[in-house]
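1. sequence-free structure coming up:
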């Protein structure tokens, strides 16, 4: 039972590491995308400067190039984060460090609230942590029973039968048997057996308390994971809509900048809002998937 609990913990750690790779890879792709947008905006500013339409006296050009440098730094940090997350997953799975890891699309097979109809508190009763404690309690009870029996009279007997002859014809003449009966009455063992019985009973009572605490912790884990998953479902819908609106706003601000109806600060803020909205959407998906795996009793399915 302890092996099953350790296996489940290892599986959960591996799942967390896998989805961390998924998230960091998506962060790196998003950083590359925002860098591309920043570089494209630099060309727009340079075009305005060449046409003499820049009224900021070069400030927009410096600000746009500064944004490119910032996005490049974010991209390099995202690459390092992705590499570190992949190394953690390789350690847990035993994959060679020179092997390229492939992951699924983060937005594939998005969930629905109906997926939670089968998740109830009764699933916790078959958790290996509880079974392990129940087995330990049963062993302690048997140890207490065995110690108590040591103070009771012990009756034992031995029966033997056979023959001593080289020929089978006079077998009955040389056949015989014996029986030995013994009765042991404990008188005094300096309280050793009574002490072992008391220790075993105390251990059984301690395991009852441990089981109650473990049950409470499993309940907390269950309801926290369930609340996280249900909240993530709502966040997925809201952040997806927010990301779409942020993308539309960014394109609108870029158009307004070309028409001299917006300044570079508006463009920079729109790009940052778009990146943050997309990352919030991906984070909501990851939070859902990791929380749901914590609700799964059979992690192999």
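-> Noted; the coordinates are in hand. All of these numbers come straight from a predicted model, not from anything done at the bench. Numbers count the residues shown, from 1 in each chain.

2. Against which helices or strands is the top helix by length along the chain packed?
-> In the chain, assigned by DSSP state H, the helix with the most residues is helix 192-258. If contacts are counted by 3 or more C-beta pairs under 8 Å, 6 or more residues apart in numbering; DSSP states H and E, helix 192-258 sits against helix 2-50, helix 128-149, helix 264-295. Glycine gets a C-beta too; all of them are placed from N, C-alpha and C.

3. Dump these to TSV, plus mean neighbour count, distance to residue 65 and mean pLDDT.
-> Converted to TSV, the helices and strands packed on helix 192-258 look like this (neighbours: other C-beta atoms under 10 Å; distance: least, C-beta to C-beta, whole Å; pLDDT from 0 to 100):
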stretch	mean neighbour count	distance to residue 65	mean pLDDT
helix 2-50	17	6	84
helix 128-149	16	57	87
helix 264-295	19	11	87
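
4. I'd like these as TSV, with distance to residue 225 appended.
-> Converted to TSV, those look like this (distance: least, C-beta to C-beta, whole Å):
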stretch	distance to residue 225
helix 2-50	10
helix 128-149	15
helix 264-295	4
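
5. what's the closest of those to residue 201?
-> Evaluated with C-beta to C-beta, the helices and strands packed on helix 192-258 place helix 128-149 nearest to residue 201, the distance being 5.0 Å.

6. Run me through the strand neighbours of the helix or strand following that closest one, direction for each.
-> Using DSSP states H and E, the helix or strand that follows helix 128-149 towards the C-terminus is strand 154-163. Under the criterion DSSP bridges, strand 154-163 sits next to strand 175-184 (antiparallel) in its sheet.

7. what's the angle between the longest helix of the chain and helix 264-295?
-> 150 degrees (axes from the mean of the first three to the mean of the last three C-alpha atoms, to 10 degrees).

8. With residue 216 as the reference, name the closest of the helices and strands packed on helix 192-258.
-> helix 128-149 (11.6 Å).
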